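J.: Fold the following, please.
(one chain, ligands or ions: 1)
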Amino acid sequence: MSQLYSELKMGVNPEIRTRVSIPMQGVKGSAEFFSFRNISDNLEHIAICFGAWEKTRTPLVRIHSECLTGDVFRSSKCDCGQQLNESIEMAAEQSGIILYLRQEGRGIGLYNKLDAYKLQAQGHDTYDANAILNFPRDPRSYQCASEMLGALGIFKVRLLTNNPEKSRQLEIHGIEVVEQKSTGVFVTPQNLAYLKSKILKTNHKIKIERSKEMTSK
Ligand SMILES: [Zn+2]
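T.: Sure thing, here's the model as predicted:
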């Protein structure tokens with residue numbers, strides 16, 4: 001296994017590298033924001049690296065997809081804002097890294113996400129709404145996350161996620177996930193159906209109360 005990873009490490013594209021790093025005052029802990037050059041999807045993803053992250057052998061990493069409504073405006077339609085808060089707290093405590101990916105609306109974009117919300121208001125779940133709009137259930141790729149970690153010199157992580165697809169894709173792209181840690185569970189009446197869909201349709205590991213009720217449907 002270790003040989004595989006060292007080979008992949010050697011294969012990392014040297015063109016993909018950090019562009020600038022900027023200390024960001026006011027963010028909890030001592031946070032440094034990194035931009036990148038030549039990430040394969042050409043989006044403006046950001047890494048937020050906390051404390052002594054460079055000295056941490058296997059840092060805690062959270063891959064967070066941008067969610068304007070949840071992250072900025074605190075919508076309770078999803079759990080993104082709370083998950084982001086939790087990951088900032090944990091990363092600040094543990095010298096971890098947040099990869100903030102510009103994949104709004106699970107990769108379909110903000111306007112399409114609002115279209116999907118409209119369909120959800122008519123009774124469709126989050127994944128069926130995507131299908132009606134002719135998008136895959138979850139078109140996100142995490143190759144960019146692997147590229148960012150590689151550019152930061154990180155090849156082994158403890159991943160904070162409930163989504164097994166993130167671990168799977170990181171491993172494919174040369175990042176060893178030595179541990180997958182679950183996030184907290186942030187249930188509201190408005191996001192309950194959304195969380196259930198994540199569990200039932202994309203195998204998210206979320207323990208919400210009355211889980212028997214979910215599996216019976
Ligand atoms: Zn969200």
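J.: so where's the protein shaky on pLDDT?
T.: Counting by pLDDT under 70, the ranges of the chain that qualify are 1-12, 208-217.
J.: can you tell me if the longest helix belonging to it touches the ion.
T.: Looking across the chain with DSSP state H, the single longest helix is helix 80-94. Yes - Helix 80-94 reaches the ion (C-beta under 5 Å from the ion) through C80. All C-beta spots, glycine's among them, are computed from the backbone N, C-alpha and C.
J.: got the contact list for the following helix or strand past that helix?
T.: Downstream of helix 80-94, the first helix or strand assigned by DSSP states H and E is strand 97-101. For strand 97-101, contacts defined as C-beta atoms under 8 Å, 6 or more residues apart in numbering pick out 43, 45-50, 53, 59-66, 84, 87-88, 91, 140, 142, 144-145, 148-149, 152, 154, 157.
J.: What strands flank strand 97-101, and is each parallel or antiparallel?
T.: Sheet pairing of strand 97-101 (DSSP bridges) gives strand 46-50 (antiparallel), strand 60-65 (parallel).
J.: so can I have CSV of those strands showing distance to the ion and mean neighbour count?
T.: Listed next are those as CSV, based on distance: least, C-beta to the ion, whole Å; neighbours: other C-beta atoms under 10 Å:
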stretch, distance to the ion, mean neighbour count
strand 46-50, 17, 23
strand 60-65, 8, 25
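J.: could you dump those to a markdown table with distance to M24?
T.: Output for these, formatted as a markdown table (distance: least, C-beta to C-beta, whole Å):
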| stretch | distance to M24 |
| --- | --- |
| strand 46-50 | 7 |
| strand 60-65 | 16 |
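J.: what helices or strands is the longest helix of the chain leaning on?
T.: In terms of contacts (3 or more C-beta pairs under 8 Å, 6 or more residues apart in numbering; DSSP states H and E), helix 80-94 is packed against strand 46-50, strand 60-65, strand 97-101.
J.: Good, we can wrap up now.
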